[in-house]
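Trainee: build me a model:
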Amino acid sequence: MRRILVPLCLAVFLLTISSAAQQPSAEAPQSQQPQVKVNMLNVCTPSADEQKEIAAALARVPKEPLFGTDFEVSRGRSTLTDMPAILQAGQPGHVAGEPSVASYVRIRREFSVQALFSSVQYSFSNDGQTMVETMVLHVRDPKDLIQVSLEDTASAVTSSEAMLVANTPVSRVRLERFGKSSITLARCQASPGGPAPDQSAYEPLFRSASDLLGNYRALLGVKKIVPEELAKISGTAKPKPAPGSTKGTVKSGSQKP
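Mentor: Model (predicted):
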C-alpha cells in the first residue's frame, strides 16, 4: 500500500506547483510597455493664468535695447522634404507632393550684459506660397522662462517689401518654459465643424506682440536688409558701380593744334 500512496501524493504535489506557476501573480505588472504622456496645448483660448504669463513676458522685452557689438546677417535656401508632424493650430496647411524650397534671411543681435535677454534672432522665409516672420528672444539666465517667440504669416502673392512695410500683425505667441510645458496663443480660424472661436479677449496680447515686432523691425533694419538679401539669393540684386566710375556720356570733340 505504501508503494502506491507515495507516488500518488508526489504527483498531486507536483501538479499543484505547476498550476500555481502558470497563474499570473496579482502583483506583477500587466504590461511592460512604457507609458506615453501627451500634453495638449490650448492655443486658441489659453487660461487666465497663461494669459498673465504671456503679458508679463511681453512686458519684459526691452523697447529701447542696448545692443552689443556682436551681430550676424545670413541668407540661404532650405529644402523641406518631410511633412510636419503637427500643423499649427488655426493655420491652413498645405502639403505638396514635391519638396518645398524656402529662401530665408536671418538677423541676430546681442544684448548688453545687463539685459534680461541675451540675444534676439529675426528670420524671414518665403517658400513661394507663404512668407513667415519669426522673432525669438533668448533669456540670458533661464530659470522659469527660456525664450519668447513671435510669428506672423502672409501670402506670397505680395512682395516681401509690401509685407514688411505693412507691419503684418503677429498671429502666434509662444513661451518656452524651463521644466514646464510651453504656452502658446495663436490666431485660430473656423473649423469645418464650427465657427471660429471668440478671441476678442486676447486682442490686447496680440496688439502688444505686434507692437514689439514692429519696433524690432525698425531696430534691426529689417525693411532694408531682408529685401536686399533675398535679391542676392534670387540673383536680381543690382550691381554696385565700381569705385571711381563716372556716370553719363563722354562727348568727343576736336582738339586745337
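Trainee: in the stretch 101-250 of the chain, where is pLDDT below threshold?
Mentor: Where the stretch 101-250 of the chain drops to pLDDT under 70, the residues are 236-250.
Trainee: all helices of it, in order?
Mentor: Assigned by DSSP state H, counting those that start in this stretch, the stretch 101-250 of the chain shows helices spanning 160-165, 203-219, 222-234.
Trainee: what's the strand or helix carrying residue 53 packed up against?
Mentor: Element membership for residue 53 (DSSP states H and E) is helix 48-59. Here helix 48-59 touches strand 145-155, strand 172-177, strand 183-186, helix 203-219, going by 3 or more CB pairs under 8 Å, 6 or more residues apart in numbering; DSSP states H and E. Every residue, glycine included, has its C-beta placed from N, CA and C.
Trainee: let's see 10 Å
Mentor: Where contact means 3 or more CB pairs under 10 Å, 6 or more residues apart in numbering; DSSP states H and E, helix 48-59 is packed against strand 130-139, strand 145-155, strand 172-177, strand 183-186, helix 203-219.
Trainee: related to what we said a few turns ago, could I get the helices of the stretch 101-250 of the chain as JSON lines with distance to residue 57?
Mentor: Formatted as JSON lines, the helices of the stretch 101-250 of the chain follow (distance: least, CB to CB, whole Å):
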{"stretch": "helix 160-165", "distance to residue 57": "24"}
{"stretch": "helix 203-219", "distance to residue 57": "10"}
{"stretch": "helix 222-234", "distance to residue 57": "22"}
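Trainee: residues in contact with the helix holding residue 53?
Mentor: 41-42, 45-47, 137, 139, 144-145, 147-148, 150, 173-175, 177, 180, 183-185, 201-202, 204-205, 208-209, 211-212 (CB atoms under 10 Å, 6 or more residues apart in numbering).
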